[in-house]
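K.L.:
Structure of the sequence below:
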Amino acid sequence: NAILDIDGEEHVLKAMDTTWIPPNLPHRFRNLSETEPMKILWIYASVQATRTLTETGETRPIAAEHRT
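P.N.:
Model prediction:
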């Protein structure tokens, strides 16, 4: 179980739920379990997608975060 914080609202999520995040909309996923890890499958519309961290303003390509 998790919470998605987006656009000033909290949405409770459970296993196998699907979300769609519009570009440039700050969001955060929070794990509600203190014992179980949370797994997220990220699918991007483009291999050139970037991520901007809200706290620092740093923008980096998603490819830099997901190396094989």
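
K.L.:
Quick one: the helices in this protein, in order.
P.N.:
62-65 (DSSP state H).

K.L.:
Just the strands from it, written as ranges.
P.N.:
2-6, 9-13, 27-31, 50-52, 59-61 (DSSP state E).

K.L.:
Restricting to C-alpha, output stretch 46-54 in CSV.
P.N.:
Output of stretch 46-54 as CSV, limited to C-alpha atoms (Å, rounded to 0.1, in the frame of the first residue of the first chain):
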residue,chain,number,x,y,z
SER,A,46,10.4,8.9,-24.4
VAL,A,47,13.9,7.7,-23.8
GLN,A,48,14.8,11.4,-23.6
ALA,A,49,12.6,12.0,-20.6
THR,A,50,14.1,13.9,-17.7
ARG,A,51,13.3,14.1,-14.0
THR,A,52,13.5,17.4,-12.0
LEU,A,53,13.9,17.0,-8.2
THR,A,54,11.6,19.4,-6.4
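
K.L.:
now stretch 22-35, how far from the chain's geometric center?
P.N.:
5 Å (Cα atoms, centre = their mean, to the nearest Å).

K.L.:
same deal with stretch 58-68?
P.N.:
On Cα atoms, centre = their mean, the centre of stretch 58-68 falls 13 Å from the chain's centre.

K.L.:
so what's the closest residue to residue 5 other than its chain neighbours up against?
P.N.:
Sequence neighbours aside, residue 28 is the residue nearest to residue 5 in space, at 4.5 Å (criterion: Cβ to Cβ, 6 or more residues apart in numbering). In this view, the C-beta of every residue, glycine as well, is placed from N, C-alpha and C. The contact partners of residue 28, taken as Cβ atoms under 8 Å, 6 or more residues apart in numbering, are 4, 5, 6.

K.L.:
Repeat that for residue 24.
P.N.:
residue 52.

K.L.:
So what does it have for phi and psi?
P.N.:
phi 60, psi 20 (degrees, to the nearest 10).

K.L.:
mind checking how far it is from residue 8?
P.N.:
15 Å (Cβ to Cβ, to the nearest Å).
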